[in-house]
Each structure stands twice: as C-alpha cells, then as structure tokens.
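>>> Next comes the sequence, and after it the predicted model I'd like to discuss.
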Amino acid sequence: MRWARRGVVSGLAMALAACSVIPKGPVTTAAPPPAAPPPPPVVALPTDTDRHRIALLVPQGGPNAAAGQALANASTMALLDMNASNLRITTYDTSTGAGAAARKALSDGNRMILGPLLGEEAAEVATAARASHVPVISFSNDYTVAGGDVFVMGTIPAQSITRVVRYAHGVGATRFAALIPLGTYGERASSAMVSAVRASGGTLVDIETYDHTPAGLATAIRKLKAHGAFDAVLVADKVNVAAQAAPLLKAGKPGLRLLGTELWSGEALLARTPALRGALYAALSDTHFRQFSDRYRGRYGDAPYRISTMGYDGVLLSLRIAREWVPGKPFPTQRLYDRGGFAGTDGIFRFNSNNVIERALEVREVRPVPGSTTSNTLPVASPAPSRFDD
C-alpha cells in the first residue's frame, strides 16, 4: 500500500549466536571452563493496577516504517494532548510478522489492539485476537476481516463512492458510467458503484475495466463511450490515472462530470490539471487536520502522514470508552456500537453492525483557487455532516 508521504526508515535487528572454537594441536594443561553466564532477564511489562493496557501494532521496519512511526507519534500526541494517565500504550513491530506481534501483545496482557496498518496483516492479527476475545481496531480498509471482536477503521471506498454519486445526482447527473481498474480495489469499487447509482435513483450506463497501461485505459474509454450518453463518470483510481483519462473522456463531451474516490485526497496534481476542472470527489474533512498537522510538526519537526490521524483518533476513542472500563477487565466492546458516533480529528464516525466504520465525508470540487498548489485548498462543495441523523 502506498501512502501520501513516502519515507523509509531502516530498522533491522540482527540475532547473535555464540559459538565455541576447538583449538588444533597438542593439548597442554587446560584451565577449567568458565562458569555459564546467568540467563538473560525476562522482559515483561510492569504490573498495572490503574491503567489500561493497549497495544499499538504498526511497522517499525521495512518500506512502511515511516508511516508506522507517524501513527505511533500521533498516538503519543493524543495522550499528551489529553493529559491521559489511565492508558499505557505499547508499540509492537509488525514488520517482522503481524501475527507474532499480536501474540506478544496478548501475552503481555493488553486488553485492546490498535492496528495493524495493512490489509494483509489484519487477518493474522484478527486470528490471534479472536481467540482471546480482545477487540482490534484495524487501521486498514479491508472490511473482509471485520466481525466479532475485529473493527475496521480505514476509510472504505464504497462510502466515498456513495457520497459523491449521491451529491452528483443531486446537482443534476442522472446517467452514470465508471472506469474501474482490475484488482481487489476495482472489484469493490464496481460493486459500490452499482449500489450507489441504484440508491441515488440514477441510471448506470456501463462499467469498463482496464489494466494499468495507457493502451488498456484508452481501450476501456472507447468501449465506455460506445455504450451511449452519460453525464458523469467515476474514475476509481489515483489522480494520475484520472488526469490521463480526462482528456479522452471529455473529447466531444466538454460538459462531462468526472467523479473520484478517496484516493484523490491530498493530491496536488488535481489543482494543476485543467482537464479535471469540475470533477467531484468525497474525502475526509481537513477542517481539523490542519490544526493537527501544525501541532504534530511543532512536536516532531515533520509533516504527518494523512493516515496518522487514525492513531490519534484511536486513542481518543479508547479514552472515551475508558470512562466505563475497569483496569484489568475486558474491554467493553459493546460501547463501540454507539449509534450517535464519536468525534475525531477526521470528523464524526461510528461502527455499524458489521464492525465497519461509517464516516461523515465532505465533497470537494476541483476548481482553480488563486495561489493553490494542493488539493487540500480545493473548495468544499458539500460539507461533511456534523452528526448522524439515524
């Protein structure tokens, strides 16, 4: 998985093994062998009687180490900002095995797990945690692992697609089409598009898939345009792909409205691509992120990853529920189903009955903004709701 800001921090550890050397040649008077060294002390968390133990599972080595460190920094910042003394958060490295990190966290007595970061790690952690009935708040968007004691906190593509389609229909789009990349993300986006158009009352003209080659994209666009008229098309891919597709899609259709997903959030290319003017996409609100970013930079001297807010909000969520959580007792998982939701850096959120997060997303429109070099300053066409009404 690729994140908005890249960085690699080397964190390799080497295991040393002792070996004995048998000398060659005649043996003279031998000294008695040295006494065996004492066994190393067992490293364990100190006993807590007044604090809740929470494990943070993030990569501390490998290509995603910088993202993992940002999540760890944000978690610490939340404790400091809230002056929280009733939580003990311990970080466990998933870069050498997410399942092993989870088992270590459980053996140390942690009663809740925040993480892991990647979808392929979430299944391993879920397997370990379910046996112990310890809740997991996964930072990935792989909703297939959700259920039981496992909750998914990452932004789900289906929600951003539903939000932008509903808004587009409300401003006049009635006939929709979609360009979908091959792969797991594309499959989920395709299913979400079908459901979103049906729910909005619009008509789905066609969905075409493509591989990530210019020829494959161009072929898919030709097929799409041959299926008839449509006034809005979803490009369920990164902004660089949308920038390639836009001129081809708009040829002969200057009024065509392009729609994007959460993958467009934070991409500076949006504001620099004239062919994407008028495009709509749904994303997390940046209203509070700018303040979060300023505090993070002041404390750690670097810009945070956009996903680091999940570490911060995960701690805020834990603190909220800790009001009814007795130290040493199981986490009150039922509290996570509060239909009123929770307030976080990225806006309000809640977990549905399938343990998948529901977020309040805003819709942005790509329009030229004087002095703007980043999509974070693009106008908000429809603000994120401030509460859940159902």
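Looks like it came in fine. Here the structure is a predicted model, which means the values were calculated and not measured. Numbering: from 1, shown residues only.

>>> pretty sure Ser95 contacts Pro59?
Yes - contact criterion Cβ atoms under 8 Å: Ser95 and Pro59 qualify, at 4.2 Å. Every C-beta, even on glycine, is put in place using the N, C-alpha and C of the backbone.

>>> Which one's more surrounded, those two?
Pro59 (27 against 19; other Cβ atoms under 10 Å).

>>> Just want to check the distance between the residue nearest the centre of the chain and Arg272.
Compute the mean C-alpha point of the chain, and by Cα atoms, centre = their mean the closest residue is Gly154, 3.9 Å away. Applying Cβ to Cβ, to the nearest Å, one obtains 28 Å for the distance of Gly154 from Arg272.

>>> can you count the residues close to Leu114?
Count around Leu114 with other Cβ under 10 Å applied: 28.

>>> Skip the chain neighbours and tell me the closest residue to it.
Gly314 (4.3 Å; Cβ to Cβ, 6 or more residues apart in numbering).

>>> For that neighbour, grab phi and psi.
With angles defined as degrees, to the nearest 10, Gly314 sits at phi -60, psi -40.

>>> go on, Leu79?
Torsion angles, degrees, to the nearest 10, at Leu79: phi -60, psi -40.

>>> about what we covered before: got any residues that touch both of Ser95 and Pro59?
Common neighbours of Ser95 and Pro59, using Cβ atoms under 8 Å, 6 or more residues apart in numbering, are Ala65, Gly68.

>>> sorry, back to before: can you name the residues that contact the residue nearest to the centre of the chain?
Applying Cβ under 8 Å, 6+ apart, we find Gly154 in contact with Ser138, Phe139, Ser140, Asn141, Asp142, Ile307, Met310, Ile357.

>>> Out of these, which comes closest to Gly115?
Proximity of the contacts of Gly154 to Gly115 (Cβ to Cβ) peaks at Phe139, which lies at 5.6 Å.

>>> lowest-pLDDT helix or strand in the chain?
Lowest by mean pLDDT, DSSP states H and E among the helices and strands of the chain is helix 119-132, with a mean of 91.

>>> I'd like to know which elements whichever helix or strand comes after that helix is packed against.
Later in the chain than helix 119-132, the nearest helix or strand by DSSP states H and E is strand 136-138. Counting contacts by 3 or more Cβ pairs under 8 Å, 6 or more residues apart in numbering; DSSP states H and E, strand 136-138 is packed against strand 112-114, helix 119-132, strand 150-152.

>>> Not counting the last one itself, show me its contacts.
Outside of strand 150-152, the residues within contact range by Cβ under 8 Å, 6+ apart are 122, 125-126, 129-130, 135-138, 140-143, 145-146, 336, 351, 355-357.

>>> and if we set it to 7 Å?
126, 129-130, 135-138, 140-143, 145-146, 336, 351, 355-357 (Cβ atoms under 7 Å, 6 or more residues apart in numbering).

>>> The closest residue to Pro247 other than its chain neighbours - how many residues pack around it?
Using Cβ to Cβ, 6+ apart and skipping residues adjacent in sequence, the residue nearest Pro247 is Ala275, 4.9 Å away. Per other Cβ under 10 Å, the neighbour tally for Ala275 reads 17.

>>> before we move on, what about Val363?
Val363: 22 neighbours (other Cβ under 10 Å).

>>> and if you look at Arg51?
Applying other Cβ under 10 Å, we find 16 residues neighbouring Arg51.

>>> My read is that it contacts Asn86, right?
Yes - if you go by Cβ atoms under 7 Å, Arg51 and Asn86 touch, sitting 5.5 Å apart.

>>> residues in contact with Val205?
If you count contacts by Cβ under 7 Å, 6+ apart, then Val205 has Arg175, Phe176, Ala177, His227, Gly228, Phe230 around it.

>>> no, scratch that, I was asking about Ala126
Counting by Cβ under 7 Å, 6+ apart, Ala126 has contacts Val136, Val145, Val150.

>>> Out of those, give me the one that has the most neighbours.
Busiest of the contacts of Ala126 [other Cβ under 10 Å] is Val136, holding 27 neighbours.

>>> Perfect, I'm done here.
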